[in-house]
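K.L.:
Requesting a structural model of the entry that follows:
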Amino acid sequence: MKLTTRGHYSVKALLDLSLQPKSRPTSVKAIAHRQDIPAPYLEKLLIELRRAGLVESIRGSQGGYRLARSPAQISLGQILEAVGETIDPLPHHTPEAERAADWVTFSLWHRLHQKLKEALYNITLEDLYYDARSWKAAQGESTSFVV
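P.N.:
As a prediction, the model looks like this:
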């Protein structure tokens, strides 16, 4: 599995939202500026994330987006799935029955795929947040940061 720009930007945007006070929505422009993401592209991603129930949009002059759930309840797998990332690293074919090596390879990749998928659905925004804070602290940097 390769994390595309689409998936990377989506994770960055939701991590940015996780850093905001819970009740305050954040504008697309503010997120785009902090995370260096083109605002029109970010808007499209946030619409997909809203449809998946990961963010909610608030209308009005003080509107914007906020997380629909706590960071501990949003997994990396859910984010990637919401924006159409493929989590499946396996080629879409069946190995030849008469070639044992193909079955061994297929079985190995199938098991690795299951473990990868399990990991992606067990890593939450909260986990990523604390990982980023720990990394920044180890670098001797302040804990307020751009993801």
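
K.L.:
packing partners for the longest helix anywhere in the chain?
P.N.:
The single longest helix within the chain, with elements called by DSSP state H, is helix 100-122. With contacts taken as 3 or more Cβ pairs under 8 Å, 6 or more residues apart in numbering; DSSP states H and E, helix 100-122 sits against helix 76-82. In short, each C-beta sits where N, CA and C put it, glycine included.

K.L.:
For the helix it packs on, give me every contacting residue.
P.N.:
3, 7, 10-11, 14, 48-49, 51-52, 54, 87, 117, 120-121, 123-125, 128 (Cβ atoms under 8 Å, 6 or more residues apart in numbering).

K.L.:
For the lowest-mean-pLDDT helix or strand in the chain, list every residue counted as buried.
P.N.:
When each helix and strand of the chain is scored by mean pLDDT, DSSP states H and E, helix 125-138 comes last, with a mean of 81. Residues of helix 125-138 classed as buried: 125-126, 128-129, 132 (neighbour count, 16 or more other Cβ atoms under 10 Å).

K.L.:
Sweet, I'm off.
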